[in-house]
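>>> Provided below are the primary sequence and the corresponding predicted coordinates.
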Amino acid sequence: MNDTKGRYRTLIGHRLFWPVAVLVAMLAANTIYRPGFLSIELKDGHLYGSPIDILRLSAPLILVALGMTLVISTGGIDLSVGSVCAISGAMACMYISKQPDQNSLAVVVTALAMALGVALVLGVWNGVLVAVIGIQPIIATLILMVAGRGLAQLITQGQIITINSGPFRSIGLGHLLTLPLAIFIALAAALLVAAFTRRTALGMIIESVGGNAEASRLAGIRSGRVIFLAYVVSAVCAAVAGFMMTANVSSADGNAVGLWVELDAILAVVIGGTSLAGGRFFLSGTILGALIIQTLTTTVYAMNISPQTSLLFKAVVVIAVCLIQAPAFRAKFSRRRRSAPPPPRPVADKPKEQVPA
Amino acid sequence: MTTGSLTAPRRTRIRLPRRQVPVLATLALLLVMYGIGVSQYTAFSNVQVIFNVFIDNGFLLVVAVGMTFVILTGGIDLSVGSVVAMTAMVSADLLQKGLPAALVLVIALLIGPTLGLLMGCAIHFFDIQPFIVTLAGMFFARGMCTFISGSSIPITDGFWTRMSQERIGNSQGNFVSISVLIAFAVVLVAAYVLAYTRLGRNVYAVGGNPQSALLMGLPLGRTRIAVYTISGLCSAIGGILLSFYTLSGAPLIAVGMELDVIAAVVIGGTVLTGGSGYVFGTVLGVLVLGVIQTLITFDGSLNSWWTKIVIGGLLFAFILLQRLIGIRYK
């Protein structure tokens, strides 16, 4: 009896319990509302169905959120990812649209390389502002967020550029082994980041920098370089996500591509259990968070509610998740729930002390 | 801060000019830009050009004043643009349903502060980052807009049209709208509150160092909640002014306005970590944005996206300036 209770408590206490529970609840609600929701069918050698759609559409968000997780775990934030998506997408489409043979693989690869190069430069710009000049991350990336939209429109000359390129479109809509290619790209990126951060010391270094950059520096970690790297990785992830978004619709619109993706990404990271204060990150949680957001969006579409109104639901989710994670709220809640003193919280839940640098 | 204590004697000697360097730089920039405009285009020297900047940016000015309060305490309010849109939407919707203008005005002016109050409470009592709370507020308000109506609602109410079309001017044909007067009134009240009331001094103290403010016995929580409520109120007034200006409520109006507002406040010399800045600087910041837009409109060959690029560039320059003159920046 006691053992079952203990196991139950461990399960509830697991950091992925709530995200998984929310995801399952949403899928269940969808299935009740529309019984055919979970069915997947094989057509022309490709799998089709709502779950596959959710996976495919969440791929760009997963990519952006991966980069964002690294940035947030260093104690920063990257608001410019949406603009970077727009710029990289615009860059690639612009180059492809100028070429005589849009279907040539070489052209597409060159375009992608060029756009990635630009994204690298933008990431370096953010990194220099934050790590070298020492500007507050939120404001340093705000600069690129504002100016980046303008740059994207400058690249496309304010037009919506449409292209007709098979190889480029396959980034967003192609299939591999019956599944959409976008899923594999997102998965590969996630595995790559996970391998680098969790199989080497890099992850721990990032967390220590997020915990206290100055103390880490004194302990012999090049804090500046780690923070710098996080912004560069974030920009590259955003660029790849930008390719997917533009490939999905085969056109680049400097205004619309990646609009509000930074907010969705931050939301995904927060839902996944990564603290906005930095010092701890959970890649698996982030991916779950991204899936939750995409499921929410799909649900709202399926229920015939206007897409903009889905923001209302997102607002509720953000506040609920933040309240659940807030130590102050938890303390109040658990005090009311049981008279006995609550069990000692894991160290991760402790609010970070403000240490004057 | 170790460096701070080492350089303390030097800083007290030249503290005053340092504090005001960002504002003076903004003023200089504004004058230079205006000078360029006058030298390039003959019509630019017309006084009406300046009046038009105020007419077109009156609502931005009011919202920026509210944001100045929030940023002075070291917080940030991302919800302003959505609250502006929501206020305009709610008033348009209620007017369409035939409610009297006075009642609509009261309801519309109450929504913003209420949302601000709730956000302030969430930030203070549950210790959640202002960034994420106001982000949720932004989602909520924007969602409410489309929840009310998916398309734009025209306003035909007599009071609204009168406020929109009334011109106050001299015999030479130069005029301002009533919105501009309201915006000026808000600026004056805000400047008075910040400079001469207890609340204003608390705002500076909390922004300068929350722990010291708390140890001094200042009401940290009340001040924090108050600034978000003030920001909500200013956004609501801004929303009303915007509905005067456009005579409609549209669900997607003022998207991304929060960025313009934050940019205006920063260009106006308010430090983002809080504790230093003036409402007067914010007025200059808004004017800078307005003059940039006017210059780009006058030029004709430049496209609207240059506005964003220039604003981004200016934002960068001013943050760098704040950094160089050594204002404390985390």
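Structure's in. What do you need?
>>> count of neighbours near B:Ile36?
Other residues within reach of B:Ile36 by the criterion other C-beta atoms under 10 Å in any protein chain shown amount to 13. All C-beta spots, glycine's among them, are computed from the backbone N, C-alpha and C.
>>> and it, that's in a helix?
Yes. Secondary structure of B:Ile36, determined by DSSP: H, G, I helix; E, B strand; the rest coil: located in a helix.
>>> residues in contact with it?
Listed by C-beta atoms under 8 Å, 6 or more residues apart in numbering or on different chains, the contact set of B:Ile36 reads B:Leu295.
>>> so where's the stretch 51-200 of chain A shaky on pLDDT?
Applying pLDDT under 70 to the stretch 51-200 of chain A picks out no residues at all.
>>> kindly recompute the last result at 90.
Scanning the stretch 51-200 of chain A with the threshold set as pLDDT under 90 gives A:51-57, A:75-77, A:79, A:93-108, A:132-183, A:197-200.
>>> same check on the stretch 51-200 of chain B?
Scanning the stretch 51-200 of chain B with the threshold set as pLDDT under 90 gives B:51-56, B:74-76, B:78, B:96-102, B:122-140, B:142-180.
>>> what does it have sitting close to chain A?
The interface of the stretch 51-200 of chain B toward chain A, taken as C-beta under 8 Å from any C-beta of the partner chain, is made up of B:76, B:122, B:125-129, B:131-133, B:135-140, B:142-147, B:150.
>>> try 10 Å this time
By the criterion of C-beta under 10 Å from any C-beta of the partner chain, the positions of the stretch 51-200 of chain B lying close to chain A are B:76, B:78-79, B:82, B:118-119, B:122, B:124-129, B:131-133, B:135-150.
>>> A:Leu154 touches A:Ala90, doesn't it?
Yes. A:Leu154 is within contact range of A:Ala90, at 8.8 Å (criterion: C-beta atoms under 10 Å).
>>> what do those two both touch?
Between them, A:Leu154 and A:Ala90 share the neighbouring residues A:Gly254, with contact defined by C-beta atoms under 10 Å, 6 or more residues apart in numbering or on different chains.
>>> and the two? Which one has more around it.
Set side by side, A:Leu154 and A:Ala90 show unequal neighbour counts under other C-beta under 10 Å, the larger going to A:Ala90 at 28 against 18.
>>> give me the residue from the stretch 1-150 of chain B nearest chain A.
Residue nearest to chain A within the stretch 1-150 of chain B (C-beta to the nearest C-beta): B:Gly143, separated by 3.1 Å.
>>> ugh, wrong one, I meant chain B
B:Gly312 (2.4 Å).
>>> would you agree the residue of the stretch 1-150 of chain B closest to chain A is in contact with B:Ser82?
Yes. Counting by C-beta under 10 Å, B:Ser82 is a contact partner of B:Gly143 at 8.6 Å.
>>> the two: which has the busier surroundings?
Set side by side, B:Gly143 and B:Ser82 show more neighbours around B:Ser82, with 29 against 24, by other C-beta under 10 Å.
>>> need the residues of the stretch 151-300 of chain A near chain B, please.
With C-beta under 10 Å from any C-beta as the criterion, the stretch 151-300 of chain A comes near chain B at residues A:151-158, A:254-255, A:259-260, A:262-263, A:266-267, A:270, A:275-277.
>>> what pLDDT does the residue of chain B closest to chain A get?
Listed pLDDT for B:Gly312 reads 86.
>>> tell me where the stretch 101-250 of chain A has helices.
For the stretch 101-250 of chain A, the helices defined by DSSP state H, counting those that start in this stretch occupy A:105-127, A:137-156, A:166-173, A:181-198, A:202-211, A:213-218, A:223-249.
>>> name the helices or strands packed onto the helix or strand following the last one?
It refers to helix A:223-249. For helix A:223-249, the following helix or strand on the C-terminal side (DSSP states H and E) is strand A:251-253. Taking 3 or more C-beta pairs under 10 Å, 6 or more residues apart in numbering or on different chains; DSSP states H and E as contact, the helices and strands that strand A:251-253 lies on are helix A:81-98, helix A:137-156, strand A:160-162, helix A:223-249.
>>> and the angle for the helix or strand following strand A:251-253 with helix A:223-249?
Per DSSP H and E, the first helix or strand lying C-terminal to strand A:251-253 is helix A:261-271. Between helix A:261-271 and helix A:223-249, the angle formed by their directions is 120 degrees, by axes from the mean of the first three to the mean of the last three C-alpha atoms, to 10 degrees.
>>> kindly calculate the angle that helix A:261-271 makes with helix A:81-98.
On the basis of the same axes, to 10 degrees, helix A:261-271 is oriented at 130 degrees to helix A:81-98.
>>> I'd like to know which elements helix A:261-271 is packed against.
Using 3+ C-beta pairs under 10 Å, 6+ apart, the elements in contact with helix A:261-271 are helix A:17-33, helix A:50-73, helix A:81-98, helix A:223-249, helix A:283-302, helix A:310-325, helix B:130-148.
>>> could you dump those helices into JSON lines with distance to B:Cys234 added?
Formatted as JSON lines, the entries for the helices and strands packed on helix A:261-271 read as follows, by distance: least, C-beta to C-beta, whole Å:
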{"stretch": "helix A:17-33", "distance to B:Cys234": "36"}
{"stretch": "helix A:50-73", "distance to B:Cys234": "30"}
{"stretch": "helix A:81-98", "distance to B:Cys234": "26"}
{"stretch": "helix A:223-249", "distance to B:Cys234": "33"}
{"stretch": "helix A:283-302", "distance to B:Cys234": "31"}
{"stretch": "helix A:310-325", "distance to B:Cys234": "21"}
{"stretch": "helix B:130-148", "distance to B:Cys234": "14"}
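>>> enumerate every residue touching A:Ala186.
Residues in contact with A:Ala186, defined by C-beta under 10 Å, 6+ apart, are A:55-56, A:58-63, A:65-66, A:180, A:237, A:240-241, A:244, A:287, A:290.
>>> how close does it sit to B:Gly232?
Here A:Ala186 is placed at a distance of 39 Å from B:Gly232 (C-beta to C-beta, to the nearest Å).
>>> give the buried residues for stretch A:151-159.
Along stretch A:151-159, the positions that meet the burial threshold by neighbour count (16 or more other C-beta atoms under 10 Å in any protein chain shown) are A:Leu151, A:Ala152, A:Gln153, A:Leu154, A:Ile155, A:Thr156.
>>> how far does it sit from the chain's center?
Relative to the chain's own centre, stretch A:151-159 is displaced by 25 Å; criterion: C-alpha atoms, centre = their mean, to the nearest Å.
>>> if we can go back for a sec, common neighbours of B:Gly143 and B:Ser82, please.
A shared contact of B:Gly143 and B:Ser82, defined by C-beta under 10 Å, 6+ apart, is any residue touching both; here these are A:Leu311, A:Ala315.
>>> just say helix, strand or coil for the residue positioned nearest the centre of chain B.
Closest residue to the average C-alpha location of chain B: B:Ala64 at 0.7 Å, with C-alpha atoms, centre = their mean. Applying three-state DSSP to B:Ala64 yields a three-state assignment of helix.
>>> pull out the buried positions in the strand or helix carrying B:Leu105.
With secondary structure defined by DSSP H and E, B:Leu105 is part of helix B:101-125. For helix B:101-125, the buried set under the neighbour-count rule, 16+ other C-beta under 10 Å, comprises B:101, B:104-105, B:108-109, B:111-113, B:115-124.
>>> same question, stretch B:247-265
Of all the residues in stretch B:247-265, those buried under the rule 16+ other C-beta under 10 Å are B:247-251, B:253-255, B:257-265.
>>> what ranges of the stretch 201-350 of chain A fall below the confidence cut-off?
Across the stretch 201-350 of chain A, the ranges flagged by pLDDT under 90 are A:201-224, A:247-282, A:284-285, A:292-350.
>>> pick out the residue of it closest to chain B.
Proximity of the stretch 201-350 of chain A to chain B (C-beta to the nearest C-beta) peaks at A:Leu312, 3.1 Å away.
>>> how about the spatially closest residue to that residue that is not a sequence neighbour, what does it touch?
With C-beta to C-beta, 6 or more residues apart in numbering or on different chains as the criterion, A:Leu312 has its nearest non-adjacent residue at 3.1 Å, and that residue is B:Gly143. When the contact criterion is C-beta under 10 Å, 6+ apart, the partners of B:Gly143 are A:305-306, A:308-316, B:82, B:86, B:251.
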